[in-house]
Every structure is written in C-alpha cells, then in structure tokens.
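Visitor: Sharing a model that was predicted from the sequence below.
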Amino acid sequence: MKQNPFNGTARLAAVLVFCTLFSLFGGVFAAFAATKEDLQQQVDDAKDAYDAAAQQQEELDEQVQQTQQEIGELDARSQEITDQMSTVYAALVDAQTQLDAAQSAAETAQAALEQKQAEYDARWDESKEQLAAMQKLHYSGSLSILSQITDLFQLLNFAQALTDINDKNTEVLDRLNTEAAELEETRAQAQAAADKAEAARNELETQQQALQTTSDQLAEALMAANADLDQQQAQAAAQAQITEEAKKAYQKATAELDAYAKSQNDKYTGSTLYCSLDFGCALTPGMSISCNFGDPDGIDGSPHGGTDFPAAKGTPIYAVADGIVSAARAMSSYGNCVQISHGTADDGNNYATLYAHMSSIAVSEGQTVTKGQVIGYVGNTGAVSGKNGGYHLHLELRINGSRVNAMNYIPH
C-alpha cells in the first residue's frame, strides 16, 4: 500500500503553511471583498450613528445649559432674598429700639401719673381733714371763738381765713387734677407709640419668617438643581465620549471612501493621460460662493474640503478639463457624485476633480469626457446641512490625491 504523504507530521506542516498563508493574505482578501457599495454602506452607517450620538449630545448639552440657567436664577433669587432679609433685620432692630424707647416713655409717664395721683390723693385727704375740722368748729367750737372776737376786723379775718383755706385747697386740687390729666395724655400717647412700634416689629418678624421660609425653599431647590446638574454633566461627558467615538468612526469610514476615490483615480490614470492645466468653469461663469475651501464645515467640524456654489436645481455641471470619469455614483455624504481623472501635468503632479450633491448624473464610470461637457446637474443629495443645505455644487480639486483650493486653479 502506498503511504499517504499527508499523514502525521506532513499533514500538520501543511496545515501550518495554510494558516500562515491565510494570515498573510487574509487582509488582502478582506480588502478586495470591501466593494464600493460596502464602503458607502460603512459611511452611511457611521454617519447615522454619529447623527444619533450628536443629537443625544445636543439634547444633554441643552439640559445642562437649562439647569445651569436655572441655578443662576435660583442663585440670583437667593441673593435677592438674602438682601431683603438683611434689610428686614436692620428694620427689625430699629423697630425694637423704637419699641424699647416707647415702652420706656410709657412706663415713665405711668410712674409720673401714679406719683401725681398719690399727691392728689394726699392733698385730697388733707383737704377733707381741714373741711372736717372746719365743720366741727362750726358746730361746736365756733361760738366760743366768736365770743372772744372783740371787733368786726377780727370777725372778718376769721371768715376770710376759712375762705382762704378752702380756696387754696380747691386751687391745689384743681392744679393736681390738671397735671394728672396732662400726664394721662402723655402716658396714652406713649402707650400708643409703644403699641405702634410693637405692631411694626411683629409685622417685620412675620416678613422675616416668610423670607426665611423662601430662603429654605430656594436652598432645597438649589441643592436639587446642583444634583441634577452633576448627573447631567456626567451623562453629557459620557455621551461626549460616545459622540467622539462615532465621529472617529465616521472619519475612518470617510477616509476609506476617500481612499476608494483615490484608488479609482489611480485605476484610470495611465501614463498617456495628460493634464494641460487649462481648466474651465464647472458652472456658468460668475456664480457666487457660499462656502470656501477650508471654512469650518461638516458634521465633525473639520475644514471644508471643497468650494460650494449655490445654484438652482437642475443647473448643468460641466467638466472643467478633459479626462476619464473614474467614479460616477452615489457616494454617501457626497450624494450623487462624479470624479474625473485628468492625468499628469508637466509639473509631474496628478490632477482630479470631484463634483458632489448632483440631482442626477449624466456620465458613467470609465467614460472619456472633454472640457465643457455636461456631466450632471445641480442637486442637494447626500449630506447637505447648515448654511449649505440648499441646492449647490460641491467642487473639489485633488492633486496627487490631496484636496487643495480649487479656486487657485479653476475659474468661476
């Protein structure tokens, strides 16, 4: 029997060789498997992922801004309440001072009134005693006194003395009565002032309590808002990381699509394809520019890689020079797109132009075109947003695969 050469060690060696070859060329096989449709789908998926992440990021950022604004308003209100509390406290101290003074004045007036009442009572008691003595004298002792009077002068003096005593007592009592009335009025005024001061103080205390309640509520609201802000900022930071990763994925997919465009240019650029650098206009001469090369643009904020010319839908787009159509299809963010390879110029550089966002394409891949030939029509397909969201032509010039400012070479 013939021995199987793949038995044992030989078979193992063969497997190892196969695995090694697969490892070496697996990446190559995968690269070939990535067709232009695969690249476009990758860009589309990456853009969708970025758009979703960016939208979520924007919403979270808006929440953070709203919460920060709310905190600012709460801080301002808290400061306002604090200022009001300081004003009320100062007024409360002043009201207490006035109340103390008014109560002191009322107490002083009350003491003076009581003193005057005591004087009145003492004088009144004295007057009553005098009147009682006079009355007693009149009924019992007056005859003996009168019997001792020897003349009319003595009689008149006795009567006058009794009248003077009575008048004096009446005068003193009336004066004490008047002084007491004045003191009562002073006391009443002082008490009224004290009552008013106490009412003012009570009102200020009520205001102070209300302000303190508001201040406590604001403090709780601020604490809650700051807690929300911390959570929202954490969410925004996490979402920013997601958005950044989505942006990187988009940029990677776009770079792969650019690599495809470059490979297509290389594919159709032969040694005989010559670029004269005699460029013409891509649109009717005199068209305005809505976005210049290098301006901040794109969903990732990168510099604008071309020049945008706003124009009505369906406006013809012309090849700026002779060449071969190296791409003519939808290219994700470019929308309906045509790339023309113009070849190598006398300066040794390779030139290609790209026309994006067409409403429709008028040429096909591999087709030879001449300067001024219609290659498509103005549209707004692909990723058009912001200030370039209307119908326009996005024109790029690539030298040796790198974007440059087309306006340095192409008239408009």
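Guide: Here it is on my side, so go on. This one's a predicted model, so the numbers in the text were calculated from it and none came from an experiment. Residues are numbered from 1 along each chain as shown.
Visitor: From here on, just use CA atoms for contacts and neighbour counts.
Guide: OK.
Visitor: Let me see the contact set for residue 344.
Guide: Going by C-alpha atoms under 8 Å, 6 or more residues apart in numbering, residue 344 touches 271, 273-275, 350-351.
Visitor: Revised request: answer the last question for residue 63.
Guide: Counted by C-alpha under 8 Å, 6+ apart, residue 63 has contacts residue 232.
Visitor: Doesn't it lie inside a strand?
Guide: No. Read with DSSP: H, G, I helix; E, B strand; the rest coil, residue 63 is helix and lies in no strand.
Visitor: so residue 356, which of the three states?
Guide: Secondary structure of residue 356, per three-state DSSP, is strand.
Visitor: residues contacting it?
Guide: With C-alpha under 8 Å, 6+ apart, residue 356 has these contacts: 334-338, 393-395.
Visitor: Just list what the helix or strand hosting residue 177 packs against, helices and strands only.
Guide: Using DSSP states H and E, residue 177 sits in helix 152-268. Packing contacts for helix 152-268, counted by 3 or more C-alpha pairs under 8 Å, 6 or more residues apart in numbering; DSSP states H and E, involve helix 36-136, strand 323-330, strand 336-344.
Visitor: list the buried ones in stretch 225-245?
Guide: 225-226, 228-229, 232-233, 235-236, 239-240, 242-244 (16 or more other C-alpha atoms under 10 Å).
Visitor: Wait, residue 180 touches residue 113, no?
Guide: Yes. Counting by C-alpha atoms under 8 Å, residue 113 is a contact partner of residue 180 at 6.0 Å.
Visitor: For stretch 173-187, buried residues please.
Guide: Those would be 173, 176-177, 179-180, 183-184, 186-187, for stretch 173-187 by 16+ other C-alpha under 10 Å.
Visitor: Please parse the protein into its domains.
Guide: 54-237, 269-408 (automatic domain parsing).
Visitor: since we're on residue 201, how many residues are nearby?
Guide: 22 (other C-alpha atoms under 10 Å).
Visitor: my bad, should have said residue 395
Guide: Neighbours of residue 395 using other C-alpha under 10 Å come to 23.
Visitor: that's a strand at it, yeah?
Guide: Yes. The assignment for residue 395 by three-state DSSP puts it in a strand.
Visitor: Can you give me the end-to-end span of stretch 342-349?
Guide: Taking C-alpha to C-alpha, to the nearest Å, stretch 342-349 runs 10 Å from one end to the other.
Visitor: Can you turn the buried subset of the contacts of residue 344 into a selection I can paste into ChimeraX?
Guide: In ChimeraX, selecting the buried portion of the contacts of residue 344, with burial taken from 16+ other C-alpha under 10 Å, looks like this:
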select :273,274,275,350,351
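Visitor: so of the contacts of residue 344, which ones are in strands?
Guide: Among the contacts of residue 344, the members falling in strands (DSSP state E) are 350-351.
Visitor: Now pLDDT and distance to residue 50 too, for the contacts of residue 344, in JSON lines please.
Guide: What follows is these, written out as JSON lines (pLDDT from 0 to 100; distance: C-alpha to C-alpha, whole Å):
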{"residue": "271", "pLDDT": "77", "distance to residue 50": "41"}
{"residue": "273", "pLDDT": "93", "distance to residue 50": "39"}
{"residue": "274", "pLDDT": "95", "distance to residue 50": "40"}
{"residue": "275", "pLDDT": "95", "distance to residue 50": "38"}
{"residue": "350", "pLDDT": "95", "distance to residue 50": "33"}
{"residue": "351", "pLDDT": "97", "distance to residue 50": "32"}
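Visitor: which of the contacts of residue 344 lies closest to residue 311?
Guide: Residue 311 lies nearest to residue 351 out of those, by C-alpha to C-alpha, at 25.3 Å.
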